[in-house]
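Enquirer: fold the following and give me the result.
(chains A and B)
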Amino acid sequence: MPTPKVPNEERLFSLVLALLSTENGLTKSEILSTVQGYRQRFVHSGDNANLERQFERDKDDIRELGVPLETIEPPEQAGNNQNLRYRIPRVDYELPEDIKFSAEESTLLGLAAMVWREGSLSEGSRRAMVKLRSLGIETAEPVLSYAPQLRVRDASFEPLREAMDRRVLVSFEYLKPGEQSSTTRLVAPLALVQHQGRWHLYAKDPKTEQFKTFLLRRIVSDIQRSKKTFDYVTDDAAAQALSGLEQVWQSNVAVLRVEPGTDAATRLGKRRGAVLQPDCMLEVNFTDVNIMADELASFGPEVVAVSPPHLRSAVIERLTRTVADHG
Amino acid sequence: MAKKIPPLRAQDKLVFLLALVPYLMDRDRVSVAETALHFGVPEQNIRDAVRLIAVSGIPGDTATYQAGDLFDIAWDDFEDNDQIVLTHLVAIDDTPRFSAREASALIAGLQYLSSLPEHADREAIATLTSKLSRGASAQPTAVAVESSALDETLALIRESVAAGTQIEFDYRNSRGESERRRIDPLRVESVDADWYVRGWCHSREDVRTFRLDRISKPAMTTEAITHTAGDVNLPETLFDTSAEDIEVTVEVARSAIGLLGDYVPEDAVLVPAGDRVRTVVRVPHFHGLKRLIAGLPGVVTVVAPDEARRAVAGWAQAGSDLYAEQR
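Expert: Okay, the predicted model is just below:
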C-alpha cells in the first residue's frame, strides 16, 4: 500500500518537536527511522542516502530560522559519524522569559518590519513578526499612517549579507572614482551600513589586516564567495563603520553659494548640519565628492560650489557633460 | 492598504506552527477568527495549522507516536464552533527566539525610522534594540543604518493628525514656485533617504504628494480636517500621474535603470541601444526631469522630444555659465 506523502512542514515540525524533547540527543538513524515524515520513507537495513540528504537540508532550513539545532559527539565514540547525536537545547531555543514587549514596542517593531519590502531581510522581518505575535501582544495602530521603505538597489547587497552570515571571504571588482579600470579585491565582509542614503561594505583585508569601506554602487562585478572562512571578532563592526563614515562626513565641508528662494536653498539648507551664512553662503558636509557633485549638478543654476576646488571642478565637469550630451 | 501575500514556503509554515502553539497555550479557548485576525492570516490557514498540530507530536518511548505522545484538541468545539482548545501538549513551552537575520532586519529597520516622532524616547528604542539582540539565537548580522535626528515637520504632522486639524506650510515645487498649502495629512511615506507626506490638499482639492525637505514654515491650524486616511484611496505610486503627461524617451546604462526610480513604470519596455537601453518615462513637465537628468551626468541621456533635450541642456548650461562668470 503506498503511503501518502507527509507535507514538508509536517516533517520539519515533527523533527523540531522530537529534538526539543530529547535530553541526550537522537542519532541520525534514530531520527530517520522514527520521526514522522522520515520513517515512512526509511528502508530498514537498506540504502537511505536520499533520506540522509533530506535530513541535511532540513537541518539547514531549521537552523536558518534561528532554531539552535546542535550536534553532540559522545566522547567515548569520537570520530564515528554514525554516533553523532542531535538535539535542540530548550534554553537556547526559547525566547528568554524576561523578554517582553509592550503594545507600543510592538507597534514600533511593526513599522520597522515594513521597512524591508524585498529580499532576505523582508523575509526575516516577516518571520520575526510571526514570532512576536506568538506572544499575544495587541498592537496599537500608529496615530499617523506610515509606509516607510528602504530599497536595496545594489545587486551586491544580498550576496554580501549572506557571506557575512557564513563568515567567508569574498572577492569582487571595485571601480575607484577617477580610475578607468576596476581592481579585484579579496576581503572579509564585516558589516553593511547605510550612511547618507548609500550602502557601504565595511571589510577587513586579510593580507594587510586593514579595515576598508567600499561603496556598494562602485562594485562592478558579481560577488564571488570563497570557501575560506574568517574569525575576526566583529561585535561593533557596524558602529565602527558608521563612525568612520561620520568622520569623513565631518571633515568634508563644501561652501556653496545658493540662490535665495530656490529649491536648492530649501533642500540644501535643510540638510543635517547645514549652516547658512548671512551672505547666502551655505556650509554643507559631505562624504563622497562624486556623489555630492552629482547632487549639486542637479540643481543647475540654483547653486554654485565655491570650495573645495576638487568639488567645484567635479560639478563643472558634470554640467559640461550634460550640455554636451544634449546639444 | 492592500498587501501582497507571498506564497508560503515550508520554512514559513514551520515558523507559523512554532509561533501558533504558544499563542494557543496562553489561551484556554480562542476562536479561529480571533486568531486569524491576530496573526493577520486567512482563517483557513489557522484551521489547516490547528489540524496539523493536533496530529503531531513526538515518537515517544515506543517510537510509534502513541496517543499520549501527540498534541490534542477539543475536536467537537473545533469542528462545530470554530473554537480552538488545546487539551494535550507536547515538547513546546514557549515562543522561539529570533534568528540572527530576523533580529538584524528589525534592528536596522528601527534605526532607519529614527527620525519618526514615535522614536522620541531614545532610551526606550535602545532598550528595544537590546531586547531583540538578546532574544536572538545568535549575534545579529551587522546591518546598520545611520540614525537621524528627530524630524520637526514629522512631529508637527503627527500632532495635527492626533488633534484632527489641518496643517499648513510653504511648499516650493520643482518649477521653483513657492506657495502656502493647507492639507489633511494622510500618510507619511519614504524611499531610502527621501521622505514624503501625502495629504488632501485644500488648495488643489485633491490628493497631493509633498517632499518633506521642500516644506518650510509648517504650522498647525485650528481648522478641522475633512479627509482621513480611511476615506481616501491613495494610489500605490508616489508620483501623481495624469493623462496630460508628456512622454520622454531616454537612454540609460542598463545597470543604472534603478536610479530613475518611480519615473520608469514597472511594465516599461526596455529596448537595447548599444550598451544602453532605451525607455519611455512620463512627466507632467520638464522641471523635475531636467533636475533628474542633470543629477545623473553621463548615465542618462534624453533622446526625444527636442523640447525636453533643450530643457535639460539649458538647465545645465545656465549652471555652467555661473562658473564661467567667476573664473
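Enquirer: grab the nearest non-local neighbour of B:Ala193.
Expert: A:Gly197 (3.2 Å; CB to CB, 6 or more residues apart in numbering or on different chains). C-beta coordinates here come from the backbone N, C-alpha and C atoms, glycine included.
Enquirer: how many residues are close by that neighbour?
Expert: Other residues near A:Gly197 number 14, with proximity taken as other CB atoms under 10 Å in any protein chain shown.
Enquirer: rounded mean pLDDT for whichever strand or helix holds A:Leu15, please.
Expert: Take DSSP states H and E as the rule and A:Leu15 turns out to sit in helix A:8-20. The average pLDDT within helix A:8-20 is 95.
Enquirer: stretch A:156-166 too?
Expert: 91.
Enquirer: ditto for stretch A:313-327
Expert: Rounded mean pLDDT across stretch A:313-327 is 94.
Enquirer: and that stretch, anywhere near chain B?
Expert: Yes: Stretch A:313-327 reaches chain B (CB under 8 Å from any CB of the partner chain) through A:Val315, A:Ile316, A:Glu317, A:Arg318, A:Leu319, A:Thr320, A:Arg321, A:Thr322, A:Val323, A:Asp325, A:His326, A:Gly327.
Enquirer: low pLDDT regions in the stretch 151-300 of chain B?
Expert: In the predicted model of the stretch 151-300 of chain B, residues B:237-243 satisfy pLDDT under 70.
Enquirer: just the stretch 101-250 of chain A next, same as before
Expert: In the stretch 101-250 of chain A, residues with pLDDT under 70: A:178.
Enquirer: can you pull out the helices in it?
Expert: A:103-114, A:119-134, A:157-166, A:237-251 (DSSP state H, counting those that start in this stretch).
Enquirer: and of those, who's closest to B:Tyr23?
Expert: Closest approach to B:Tyr23 among the helices of the stretch 101-250 of chain A is made by helix A:119-134 (5.0 Å; CB to CB).
Enquirer: from A:Asp154, how far out is whichever residue of the stretch 201-327 of chain A sits closest to chain B?
Expert: Here the residue of the stretch 201-327 of chain A nearest chain B is A:Ser298; by CB to the nearest CB that distance is 2.9 Å. Distance, A:Ser298 to A:Asp154, by CB to CB, to the nearest Å: 21 Å.
Enquirer: and B:Val30, by the same measure?
Expert: 44 Å.
Enquirer: again with B:Arg187
Expert: Applying CB to CB to B:Arg187 and A:Asp154 gives a distance of 27 Å.
Enquirer: again, but for B:Pro284
Expert: 30 Å.
Enquirer: more neighbours: which of the two?
Expert: A:Asp154 (19 against 15).
Enquirer: can you pull the contacts of that one?
Expert: A:Trp199, A:Leu216, A:Arg217, A:Ile219 (CB atoms under 8 Å, 6 or more residues apart in numbering or on different chains).
Enquirer: nearest residue to it other than its sequence neighbours?
Expert: Closest to A:Asp154 by CB to CB, 6+ apart is A:Leu216, at 3.8 Å.
Enquirer: in contact with the closest residue to chain A within the stretch 201-327 of chain B, which residues?
Expert: Residue nearest to chain A within the stretch 201-327 of chain B (CB to the nearest CB): B:Gly295, separated by 2.9 Å. Going by CB under 8 Å, 6+ apart, B:Gly295 touches A:Asp294, A:Glu295, A:Ala297, A:Ser298.
Enquirer: hmm, A:Ile316 and the third one touching each other?
Expert: No: distance between A:Ala297 and A:Ile316: 9.0 Å, which falls outside the contact criterion (CB atoms under 8 Å).
Enquirer: which one's more surrounded, those two?
Expert: A:Ala297 (29 against 20).
Enquirer: tally of neighbours for the nearest residue to that one once chain neighbours are set aside?
Expert: In this structure, A:Ala297 finds its nearest non-sequential neighbour in A:Arg318, 4.0 Å apart by CB to CB, 6+ apart. As a burial measure, A:Arg318 scores 24 neighbours (other CB under 10 Å).
Enquirer: repeat for B:Ser147
Expert: Neighbour tally, B:Ser147, other CB under 10 Å: 15.
Enquirer: sorry, back to before: I'd like the next helix or strand past the helix holding A:Leu15.
Expert: strand A:26-27.
Enquirer: quick one: list the elements packing against that next one.
Expert: strand A:85-87 (3 or more CB pairs under 8 Å, 6 or more residues apart in numbering or on different chains; DSSP states H and E).
Enquirer: tell me which residues are up against the strand it packs on.
Expert: Counting by CB under 8 Å, 6+ apart, A:19, A:22-28, A:31, A:59, A:69-74 sit against strand A:85-87.
Enquirer: please apply the same query to stretch B:265-277.
Expert: Outside stretch B:265-277, the residues touching it (CB under 8 Å, 6+ apart) are B:Glu251, B:Val252, B:Ala253, B:Arg254, B:Ile257, B:Arg278, B:Thr279, B:Val280, B:Val281, B:Arg282.
Enquirer: now distance to chain A too, for these, in JSON lines please.
Expert: JSON lines is the format used below for the contacts of stretch B:265-277 (distance: CB to the nearest CB, whole Å):
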{"residue": "B:Glu251", "distance to chain A": "9"}
{"residue": "B:Val252", "distance to chain A": "12"}
{"residue": "B:Ala253", "distance to chain A": "11"}
{"residue": "B:Arg254", "distance to chain A": "12"}
{"residue": "B:Ile257", "distance to chain A": "10"}
{"residue": "B:Arg278", "distance to chain A": "14"}
{"residue": "B:Thr279", "distance to chain A": "17"}
{"residue": "B:Val280", "distance to chain A": "17"}
{"residue": "B:Val281", "distance to chain A": "15"}
{"residue": "B:Arg282", "distance to chain A": "19"}
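Enquirer: save those as a markdown table, and put in neighbour count and secondary structure too.
Expert: Below are these laid out as a markdown table (neighbours: other CB atoms under 10 Å in any protein chain shown; DSSP: H, G, I helix; E, B strand; the rest coil):
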| residue | neighbour count | secondary structure |
| --- | --- | --- |
| B:Glu251 | 18 | strand |
| B:Val252 | 23 | strand |
| B:Ala253 | 15 | strand |
| B:Arg254 | 10 | helix |
| B:Ile257 | 19 | helix |
| B:Arg278 | 17 | strand |
| B:Thr279 | 22 | strand |
| B:Val280 | 17 | strand |
| B:Val281 | 22 | strand |
| B:Arg282 | 17 | strand |
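Enquirer: nothing else from me, thank you.
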